[in-house]
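Participant: Give me the fold of what follows.
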Amino acid sequence: MMRLGFIGVGTIAEAVITGLRHKGVDNPILLSPRSEARSRRLSQTLSDVSRLGSNAEVVEASDVVFLGMLPPQLAPVLAGLPFRPAQLVVSFVANTPMARLAELVPGPDLVRMIPLPPIARARGPLVYYPQNQAIAALFAGLGEPIVARSEAELGAITASSAFMSSYFALQNKLIEHLTATGVPPDQAQAYLGSLLLALSETAVMTPGAERAHLVVEHETPGGLNQRVRRHLEGQGWFDVPAQAFQTVRQLPPETLEN
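Facilitator: Prediction:
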């Protein structure tokens with residue numbers, strides 16, 4: 001049974017570990033000592049999860065090593081670690097191409113992966129590159145697997161995932177607007193949360209060829225939805241996300257902090 005090592009136990013690593021255990025994956029899991037509070041909590045609350053004394057110990061004892069540090073930390077953290085050609089190294093590190101990873105970790109097979117927080121509940125997309133049978137088997141059932149065809153495609157998908165916090169900021173603004181009209185906060189949150197969930201489910205369940213029709217199917221000519229959409233279009237609202245994604249795709253890895 002493969003031993004899974006995690007160097008850098010941050011929010012995403014915790015979500016992955018929680019998801020693996022949630023789905024009954026019982027491979028031994030070995031944690032680096034940072035972050036200290038999170039690694040101690042996971043080792044104390046989940047079965048067969050051990051907190052080791054150093055990154056080197058994790059590498060020495062693991063068959064698969066997951067990298068979960070911030071981009072500026074990658075080179076100093078990996079320097080001198082005893083990786084082996086027989087290992088598989090999976091990087092969660094944003095905007096760091098395979099060529100750079102191969103310089104820092106020569107020898108092992110490499111995979112880049114974009115796990116997102118909902119993986120803790122076995123939900124959401126799980127994008128990786130290139131195809132790897134061990135990863136496909138290990139993460140089966142932990143979300144919607146998407147194998148990128150190239151690093152460029154992986155980069156585009158990574159950029160689009162940067163909309164997560166903006167989604168919640170938008171939801172919060174909608175809730176604030178509703179409560180400003182006098183609706184109790186709990187009712188406003190329940191209504192908008194349920195609405196957005198239902199709309200997301202509709203989008204997922206609709207075949208790609210039919211998805212373009214969802215806009216007109218959810219508005220009446222001259223009605224409220226159409227008026228709001230046209231107002232937002234007039235403000236250039238729907239063009240802004242793509243512009244933001246393009247900007248973050250061009251950022252060098254060493255400038256990224258999350």
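
Participant: tell me the average confidence for the helix or strand where residue 195 lies?
Facilitator: Counting by DSSP states H and E, the element that carries residue 195 is helix 185-205. Taken as a whole, helix 185-205 has an average pLDDT of 95.

Participant: Kindly report the same for stretch 15-22.
Facilitator: Rounded mean pLDDT across stretch 15-22 is 96.

Participant: Tell me which residues are up against that stretch.
Facilitator: 4, 6, 27, 29, 42, 46-47, 49, 66, 92, 115-122, 138-139, 142-143 (CB atoms under 8 Å, 6 or more residues apart in numbering). Quick note: C-beta positions are derived from backbone N, CA and C, even for glycine.

Participant: On the three-state scheme, the residue nearest to residue 249 when sequence neighbours are not counted is what?
Facilitator: Leaving aside its sequence neighbours, residue 249 sits nearest to residue 159 (CB to CB, 6 or more residues apart in numbering; 4.7 Å). Classification of residue 159 using DSSP: H, G, I helix; E, B strand; the rest coil returns helix.

Participant: And the pLDDT for residue 159?
Facilitator: If you check residue 159, the pLDDT there is 87.

Participant: What segments of this protein are strands?
Facilitator: 4-7, 29-31, 49-51, 64-67, 88-91, 109-114, 125-129, 144-147 (DSSP state E).

Participant: What lies in contact with the last one?
Facilitator: This means strand 144-147. 124-131, 136, 139, 157.

Participant: what about 7 Å?
Facilitator: Residues outside strand 144-147 that contact it (CB atoms under 7 Å, 6 or more residues apart in numbering) are 124-129, 131, 136, 139.

Participant: Output those as JSON lines; include the columns pLDDT and distance to residue 200.
Facilitator: Listed next are those as JSON lines, based on pLDDT from 0 to 100; distance: CB to CB, whole Å:
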{"residue": "124", "pLDDT": "93", "distance to residue 200": "11"}
{"residue": "125", "pLDDT": "94", "distance to residue 200": "12"}
{"residue": "126", "pLDDT": "95", "distance to residue 200": "17"}
{"residue": "127", "pLDDT": "96", "distance to residue 200": "18"}
{"residue": "128", "pLDDT": "97", "distance to residue 200": "22"}
{"residue": "129", "pLDDT": "97", "distance to residue 200": "25"}
{"residue": "131", "pLDDT": "97", "distance to residue 200": "27"}
{"residue": "136", "pLDDT": "96", "distance to residue 200": "25"}
{"residue": "139", "pLDDT": "96", "distance to residue 200": "22"}
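
Participant: For these, name the two members farthest from one another.
Facilitator: 124 and 131 (19.7 Å; CB to CB).

Participant: So between those two, which is more surrounded?
Facilitator: residue 124 (19 against 12; other CB atoms under 10 Å).

Participant: The closest residue to the more buried one other than its chain neighbours: neighbour count?
Facilitator: Of all residues not flanking residue 124 in the chain, residue 118 sits nearest, at 3.6 Å (CB to CB, 6+ apart). Residues within reach of residue 118, counting by other CB under 10 Å, total 16.

Participant: picking up where we left off before, counting by contacts, list what the helix holding residue 195 packs against.
Facilitator: With contacts defined as 3 or more CB pairs under 7 Å, 6 or more residues apart in numbering; DSSP states H and E, the packing partners of helix 185-205 are helix 164-180.

Participant: Great, nothing more from me.
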